[in-house]
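Enquirer: 3D model of this:
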Amino acid sequence: MSKFLILFFFILSTIYSFAQTTDLPKIEKFYLDKTDSSSYCYTIFYPNKLPWLGYMMLMPGFGESAEKVMQQTDLPIKLAQNQILTVIPTFQDGVLSLGTDSLSQLALATIIKDVVTKNKLEGQKYFVGGFSIGGSCAIQYAENASTKPSAVFAIDPPLDFERFYNSAKRDIRLSKEKEASQENIYMIARLEKETGGTPSTHLNRYYQLSPYSFSDTTQNAIKKLINTPLRIYTEPDVSWWLKERNADLSSMNATTCSAMINELTRLGNQKAELIITHNKGYRKPDQKRHPHSWSIVDNDELINWLLKQ
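Expert: The predicted model follows:
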């Protein structure tokens, strides 16, 4: 009996100690449209300590809810633990929002205004970042924001939708019957719907949709980020893509991620960085290998970088 009591109190003390040290933030969900629980909403992570050091708009990847983000990464928790109020938004088309289109960008601006007003954040520094197309959304917003964020990061984002469209078309052409990627088939149709056509017929619309365009010699989009600290993370595991997806370097996001950072650096942005990782991409819950993942980021190091900006 005495051994049981000792074990019982040990477990209690362990749970208590864990609760004290983890400092988990308060999490709430808000709906801009009370009649719709699938769109125009955001999940907010409140820091437990004052003062708040700013706020982060953290954009999920295509098809991701806030709950799925929390399954893949502890970044929103760690941001809040480092006194950065963190918000994961959901836009007008729910988890299928494209992120860089005008309606998504307007929805993001509306959510930011709501967050700032409700939490009295006027004048506070803010950051934007995200995974995959959420990273594209973050960069697009930073380019056009009247008040620039203190820093921006993106995790393996698709940046150039002209390149994306042509790459998807090539994949379908090279595929045998019934082997074409359903994602590519969907995205071709989606891009044609968003732009009104193809890159051949509506190139300027593709430029407007893209945070960076390799063929746009004016560099109009990225010139807006010359003075903004920017990090782009990518894990260009060519062997994995060849084996698992029949994809090569020409269709990987790493190509345009590196091109954008190169052009920004040449334009004079000395705080534009490309972070290349190796064998860090794994997806939960089964730790399945995938280089296009939240896990390629060292969250603690990223937060330290953000706080220095």
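Enquirer: where do the helices sit along the chain?
Expert: For the chain, the helices defined by DSSP state H cover 2-22, 66-72, 75-81, 102-119, 133-144, 161-174, 182-195, 203-209, 238-245, 253-267, 299-308.
Enquirer: Quick check: which of the ones you listed has the most neighbours on average?
Expert: Mean neighbour count (mean count of other C-beta atoms under 10 Å) peaks for helix 133-144 among the helices of the chain, with a mean of 26. (Each C-beta comes from the backbone N, C-alpha and C, glycine too.)
Enquirer: Just list what that helix packs against, helices and strands only.
Expert: In terms of contacts (3 or more C-beta pairs under 8 Å, 6 or more residues apart in numbering; DSSP states H and E), helix 133-144 is packed against strand 55-59, helix 102-119, strand 126-131, strand 151-155, strand 230-234.
Enquirer: chain center to that helix, what's the gap?
Expert: 8 Å (C-alpha atoms, centre = their mean, to the nearest Å).
Enquirer: Run through who's touching that helix.
Expert: With contacts defined as C-beta atoms under 8 Å, 6 or more residues apart in numbering, helix 133-144 is touched by 57-62, 64, 98-100, 104-105, 108-109, 128-130, 148-149, 152-159, 211-212, 221-222, 224-225, 228, 230, 232.
Enquirer: Format the helices of the chain as CSV; extra columns: distance to F45.
Expert: Putting the helices of the chain into CSV (distance: least, C-beta to C-beta, whole Å) gives the following:
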stretch, distance to F45
helix 2-22, 13
helix 66-72, 9
helix 75-81, 4
helix 102-119, 11
helix 133-144, 16
helix 161-174, 31
helix 182-195, 30
helix 203-209, 30
helix 238-245, 32
helix 253-267, 27
helix 299-308, 13
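Enquirer: which one of those helices lies closest to Q287?
Expert: Closest to Q287 of the helices of the chain is helix 66-72 (C-beta to C-beta; 11.2 Å).
Enquirer: I'd like the average pLDDT over that closest one.
Expert: For helix 66-72, mean pLDDT is 97.
Enquirer: What lies in contact with that helix?
Expert: Here helix 66-72 has contacts from 29, 42-43, 58, 60, 76-77, 88, 90, 131, 283-285, 293-295, using C-beta under 8 Å, 6+ apart.
Enquirer: Show the buried residues in the residues you listed.
Expert: Buried residues within those, counting neighbours by 16 or more other C-beta atoms under 10 Å: 42-43, 58, 60, 76-77, 88, 90, 131, 293-295.
Enquirer: Quick check: closest non-adjacent residue to the most centrally placed residue in the chain.
Expert: Residue closest to the average C-alpha location in the chain (C-alpha atoms, centre = their mean): G130, at 1.5 Å. Setting aside the residues directly before and after it, G130 is nearest to M59 in space (C-beta to C-beta, 6 or more residues apart in numbering), at 3.0 Å.
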